[in-house]
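Chemist: Got a predicted structure plus its sequence, pasted below:
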Amino acid sequence: GSARFDAMVIVPCSMATLGRIASGSSDTVLLRAADVFLKERRKLILVPRETPWNLIHARNVVTLLEAGAVVLPAIPSFYSRPNSVTAVVDTVVWRILDQIGLPNPSAYRWGEKAASTKTSRKKS
């Protein structure tokens with residue numbers, strides 16, 4: 001781990017990749033980098049896209065959480081009342097950016113007026 005990065009994000013992360021990281025496999029560059037982030041206690045964020053999970057998936061997630069990874073399923077929130085697919089995807093992106101500590105002034109925060117309603121929602 002001679003390269004110094006603050007965080008690594010794998011998005012989307014298939015359950016196959018998640019399982020290989022959980023097992024300690026490092027036979028590709030991606031898996032090796034994830035392994036290094038875990039061993040050096042750096043922030044590793046995995047964004048699985050698949051549902052539903054079976055018991056093996058859940059156990060792999062627990063293994064990674066115990067090892068220090070952040071598992072952030074690609075589940076959008078709807079309390080900001082997104083009005084397009086892009087706005088739905090943005091809710092997941094905002095969470096990822098929050099996890100790695102990057103400022104994101106366009107992110108909707110609870111208690112604020114949603115960005116999607118400020119400009120593009122029609123009043124009914």
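Modeler: Here it is on my side, so go on. Numbering: from 1, shown residues only.
Chemist: Kindly list the longest helix within the chain.
Modeler: Ordering each helix of the chain by length in residues (DSSP state H) puts helix 85-100 first.
Chemist: What are the buried residues along it?
Modeler: For helix 85-100, burial by neighbour count (16 or more other CB atoms under 10 Å) applies to 87, 90-96. Placement of C-beta: from N, CA and C, glycine included.
Chemist: Export these as JSON lines, with columns for distance to residue 10.
Modeler: Listed next are those as JSON lines, based on distance: CB to CB, whole Å:
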{"residue": "87", "distance to residue 10": "23"}
{"residue": "90", "distance to residue 10": "19"}
{"residue": "91", "distance to residue 10": "19"}
{"residue": "92", "distance to residue 10": "14"}
{"residue": "93", "distance to residue 10": "14"}
{"residue": "94", "distance to residue 10": "18"}
{"residue": "95", "distance to residue 10": "15"}
{"residue": "96", "distance to residue 10": "10"}
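Chemist: As a check, name the ranges of all helices in this structure.
Modeler: Under DSSP H, the chain gives helices at 15-22, 29-39, 55-67, 85-100, 115-119.
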